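S.K.: Give me a model of this one.
(one chain, ligands or ions: 1)
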Amino acid sequence: MNNNIIKELYFENEPILSYLPGSSERLELEAELARIKSTAIDIPVIIGGKEIRTGNIGQCVLPHNHRKVIGEYHKAGKEEIKLAIEAALKSKHMWEELPWQSKVAIFLRVAELAAGPWRAKLNAATMLNQSKTYKQAEIDSACELVDFMKYNAYSLQQIYGEQPISTKNVWNKTVYRPLEGFIFAVSPFNFTSIAANLTGAPAMAGNTVIWKPASNAVYSAYVVYKLFQEAGMPDGVINFIPSNSGDISDSVLSNEYLSGIHFTGSTEVFFDLWSAVGKNIRNYRTFPRLVGETGGKNYIIAHPSADRTLLVQGLIDGAFEFQGQKCSAASRAYISKSVWADIKELLIEKASSLKVGDIEEIDTFMGAVIDKKSFDTISSYIEYARSSNNAEILVGGTYDCSTGYFVNPTIILTEDPHFKTMEEEIFGPVLTIYLYEDENYSEILSLCNNTSKYGLTGSIFAKDRYAIEEAEKELIHSAGNFYVNIRPTGAVVGQQPFGGSRLSGTNDKAGSKFNMMRWMSPRVTKEYFA
Ligand code: NAD
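M.R.: Numbers count the residues shown, from 1 in each chain. Reported below is the predicted structural model:
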């Protein structure tokens with residue numbers, strides 16, 4: 001029997017633990033880090049709950065010590081994709097029919113486990129696999145993951161409660177059906193929590209999912225899969241398919257039952273996915289929902305009235321936390337010349353003294369970038385700047401991949417507001433600064449707005465209220481998440497629903513009612529009593 005009308009679900013953000021030396025959370029995490037490093041696990045493809053070992057192997061390594069292998073994973077091929085689609089479709093009916101409270105209960109259990117006994121497992125995997133510091137892992141794989149699960153549950157209940165008006169002798173009702181078919185979830189390397197959300201959000205709404213994790217973050221993704229399993233996720237609801245995208249994409253994207261793509265990653269890959277859907281559009285039984293949160297070229301603008309101390313902190317944290325590999329990381333800054341005269345020295349001193357190295361040392365600020373490909377891309381941008389006539393490397397510009405893929409925090413100063421590194425996403429610890437005359441503030445807003453094809457995040461630093469107002473107005477389409485007097489990173493689930501427009505994605509706001517709505521198709525019933 002299922003006749004309860006539930007009061008509003010409880011939501012509050014998961015508190016961030018400090019990991020001070022000697023604290024119980026730190027001791028637990030250190031033990032888990034040591035455990036992972038002393039074993040190498042074998043990660044299977046998982047379809048319908050069954051583990052499959054294909055023998056086509058990829059390796060999980062530490063980006064900051066790339067000779068250290070912590071696991072090997074089996075890659076799915078075309079045959080496994082076929083099986084995964086069958087498993088997702090076979091599991092669909094039972095999962096869809098399970099009362100929503102029961103589905104949500106699994107995710108609330110995921111949240112509780114992640115906040116408690118699985119916290120160290122998730123954080124240790126994220127630290128080692130993605131080279132995150134204690135702090136960066138904690139805000140991702142513990143707090144944001146927990147928040148996504150709970151806030152999605154909260155949002156789902158709000159949506160289900162939205163019912164049409166009824167009249168004197170008519171009762172109108174909406175049921176929010178999951179989509180017919182399966183969802184293809186494709187996750188990026190940079191946030192373990194995003195991987196959990198890309199799969200968890202459609203599943204919570206009653207869909208079954210085929211999940212392709214990023215090849216450079218399979219270890220953390222596998223821990224998330226095991227967490228779902230531990231919380232009681234039935235077999236076949238989420239099917240875990242590590243693979244080379246080239247081997248699987250065609251079969252998934254051309255399948256008639258594809259009902260949605262939940263993607264986070266680069267704009268280029270989303271173009272490819274969208275084009276493939278366009279090419280196959282007449283094959284499908286439904287118009288697939290395309291949800292993609294993609295790249296960014298996020299900015300900081302400093303007005304002459306900016307608070308200097310806040311600005312320097314914003315530039316440092318915004319550009320260099322997690323090696324600049326947050327989609328929201330600040331990578332271009334427009335600073336007024338009078339402000340620059342005051343902050344230049346301090347900024348150089350602070351950026352030069354950030355510790356880059358082993359993420360297990362508590363004072364490390366930055367670990368390594370994710371892999372060789374990324375290291376090569378970032379260093380090629382640095383070399384481009386070094387050899388250019390209208391740019392100067394003020395800080396860093398050095399890198400070394402002998403042990404790990406380390407790139408030092410780099411600040412480039414350019415006289416060209418359209419310099420390559422002012423326009424293109426680098427996805428590494430590289431910030432480019434352009435200085436402007438104080439009286440040209442309005443022109444700078446317009447320049448900033450028209451420089452990039454992206455529209456993800458941006459910050460304005462100013463004390464002058466008119467200047468803030470002008471920036472909010474002029475930059476309205478330049479950022480889906482806009483910040484005043486603080487860095488453009490660090491969105492918190494439920495507080496700053498996250499996503500950008502333009503070529504930064506479909507802006508369905510991960511971890512919100514808007515995103516959850518994309519995984520449902522309402523059906524309205526009118527019943528007549530007269
Ligand atoms: P990526 O685009 O290289 O990869 C993302 C995923 O797509 C991976 O799983 C990858 O294997 C897969 N993929 C690649 N080619 C594919 C294909 N042809 N078909 C199917 N799947 C394919 O991105 P990444 O390096 O993992 O992550 C960094 C990017 O993600 C940056 O551009 C960053 O801005 C973006 N990002 C955006 C947000 C956001 O909310 N807007 C959040 C996180 C990351």
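
S.K.: Could you use CA atoms for every contact and neighbour count after this?
M.R.: Noted.

S.K.: Let me see the contact set for the residue in the stretch 1-150 of the chain that the ligand sits nearest to.
M.R.: Among the residues of the stretch 1-150 of the chain, residue 130 lies nearest to the ligand; the distance is 10.9 Å by C-alpha to the nearest ligand atom. Residue 130 makes contacts with 62, 63, 189, 190, 216, 217, 369, 370, as judged by C-alpha atoms under 8 Å, 6 or more residues apart in numbering.

S.K.: can we see that at 10 Å?
M.R.: Residue 130 sits next to 61-64, 124, 137, 189-192, 216-220, 322, 359, 367-371 when contact means C-alpha atoms under 10 Å, 6 or more residues apart in numbering.

S.K.: Which members of these additionally contact the ligand?
M.R.: Restricting the contacts of residue 130 to those near the ligand by C-alpha under 6 Å from any ligand atom leaves 189, 190.

S.K.: Show me just the buried residues among the contacts of residue 130.
M.R.: In the contacts of residue 130, burial by neighbour count holds for 61-64, 124, 137, 189-192, 216-220, 322, 359, 367-371, counting by 16 or more other C-alpha atoms under 10 Å.

S.K.: Might you enumerate the residues of this structure proximal to the ligand?
M.R.: So the chain meets the ligand at 186-190, 212-215, 245-246, 249, 264-266, 269, 272, 293-296, 327, 499, 504 (C-alpha under 6 Å from any ligand atom).

S.K.: quick one: which of the residues you listed sit in helices?
M.R.: Using DSSP state H, the members of those that fall in helices are 245, 246, 249, 269, 272.

S.K.: Which single helix of the chain contains the most residues?
M.R.: Ranked by number of residues, the top helix in the chain under DSSP H is helix 78-97.

S.K.: Residues contacting the lowest-mean-pLDDT helix or strand in the chain, please?
M.R.: Least confident helix or strand of the chain, by mean pLDDT, DSSP states H and E, is helix 245-253 with a mean of 89. Outside of helix 245-253, the residues within contact range by C-alpha under 10 Å, 6+ apart are 75-82, 84-85, 182-184, 186, 210, 212-215, 241-243, 258-261, 272-281, 283-284, 288.

S.K.: Just the buried ones from the residues you listed?
M.R.: 75-77, 80-81, 84-85, 182-184, 186, 210, 212-215, 241-243, 258-261, 273-274, 277, 281, 283-284, 288.

S.K.: which residues does the residue of the stretch 301-450 of the chain found nearest the ligand contact?
M.R.: As assessed by C-alpha to the nearest ligand atom, the ligand sits closest to residue 327 within the stretch 301-450 of the chain, at 3.7 Å. Neighbour list for residue 327: 190-191, 264-266, 293-298, 425, 427, 456-457, 489, 499, 504 [criterion: C-alpha under 10 Å, 6+ apart].

S.K.: Next, count neighbours for the residue lying closest to residue 283 once chain neighbours are set aside.
M.R.: The shortest distance from residue 283 to any non-neighbouring residue, by C-alpha to C-alpha, 6 or more residues apart in numbering, is to residue 256 (5.4 Å). Residue 256 is flanked by 18 other residues according to other C-alpha atoms under 10 Å.

S.K.: Residue 256: what's it in contact with?
M.R.: 181, 182, 280, 281, 282, 283, 284, 285, 286, 288.

S.K.: change it to 6 Å
M.R.: By C-alpha atoms under 6 Å, 6 or more residues apart in numbering, residue 256 lies in contact with 283, 284, 285.

S.K.: Next step: those restricted to helices.
M.R.: Per DSSP H, those never map to helices.

S.K.: Give me the subset of those lying in strands.
M.R.: Using DSSP state E, no member of these falls in strands.

S.K.: one step back: for the ones in helices among the residues of the chain next to the ligand, pick the one with the most neighbours.
M.R.: residue 249 (18 neighbours).

S.K.: The residue of the stretch 1-150 of the chain closest to the ligand and residue 380: what is the separation?
M.R.: Here residue 130 is placed at a distance of 21 Å from residue 380 (C-alpha to C-alpha, to the nearest Å).

S.K.: Residue 516 now?
M.R.: Counting by C-alpha to C-alpha, the gap from residue 516 to residue 380 is 39 Å.

S.K.: These two - which one has more neighbours?
M.R.: Set residue 516 next to residue 380 and count neighbours by other C-alpha under 10 Å: residue 516 wins out with 22 against 13.

S.K.: what's the more buried one sitting at in phi/psi?
M.R.: With angles defined as degrees, to the nearest 10, residue 516 sits at phi -60, psi -40.

S.K.: what's the answer for residue 42, then?
M.R.: phi -110, psi 110.

S.K.: again with residue 393
M.R.: phi -90, psi 110.

S.K.: Apart from its chain neighbours, what residue comes closest to it?
M.R.: Leaving out its chain neighbours, the residue that sits closest to residue 393 by C-alpha to C-alpha, 6+ apart is residue 412, at 4.5 Å.

S.K.: So the one you found belongs to a strand, correct?
M.R.: Yes - with DSSP: H, G, I helix; E, B strand; the rest coil as the criterion, residue 412 is part of a strand.

S.K.: For it, list the residues it contacts.
M.R.: The contact partners of residue 412, by C-alpha under 6 Å, 6+ apart, come to 392, 393, 394, 432.

S.K.: Which entries within these meet the buried criterion?
M.R.: With burial judged by 16+ other C-alpha under 10 Å, the buried subset of the contacts of residue 412 is 392, 393, 394, 432.

S.K.: okay if I get the residues you listed as a markdown table plus secondary structure?
M.R.: Below are the buried ones among the contacts of residue 412 laid out as a markdown table (three-state DSSP):
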| residue | secondary structure |
| --- | --- |
| 392 | strand |
| 393 | strand |
| 394 | strand |
| 432 | strand |
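
S.K.: In CSV, list the residues you listed along with pLDDT.
M.R.: Below are the buried ones among the contacts of residue 412 laid out as CSV (pLDDT from 0 to 100):
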residue, pLDDT
392, 98
393, 98
394, 98
432, 98
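
S.K.: List the residues that contact the nearest residue to residue 414 once chain neighbours are set aside.
M.R.: Spatially, and ignoring its direct neighbours in sequence, residue 414 is nearest to residue 391 (4.3 Å; C-alpha to C-alpha, 6+ apart). Listed by C-alpha under 6 Å, 6+ apart, the contact set of residue 391 reads 385, 413, 414.

S.K.: Which parts of the stretch 51-200 of the chain are strands?
M.R.: With strands called from DSSP state E, counting those that start in this stretch, the stretch 51-200 of the chain shows them at 57-62, 65-74, 170-178, 182-186.

S.K.: quick one: the longest one to strand 57-62, angle?
M.R.: Here strand 65-74 runs at an angle of 140 degrees relative to strand 57-62 (axes from the mean of the first three to the mean of the last three C-alpha atoms, to 10 degrees).

S.K.: Fine by me, thanks again.
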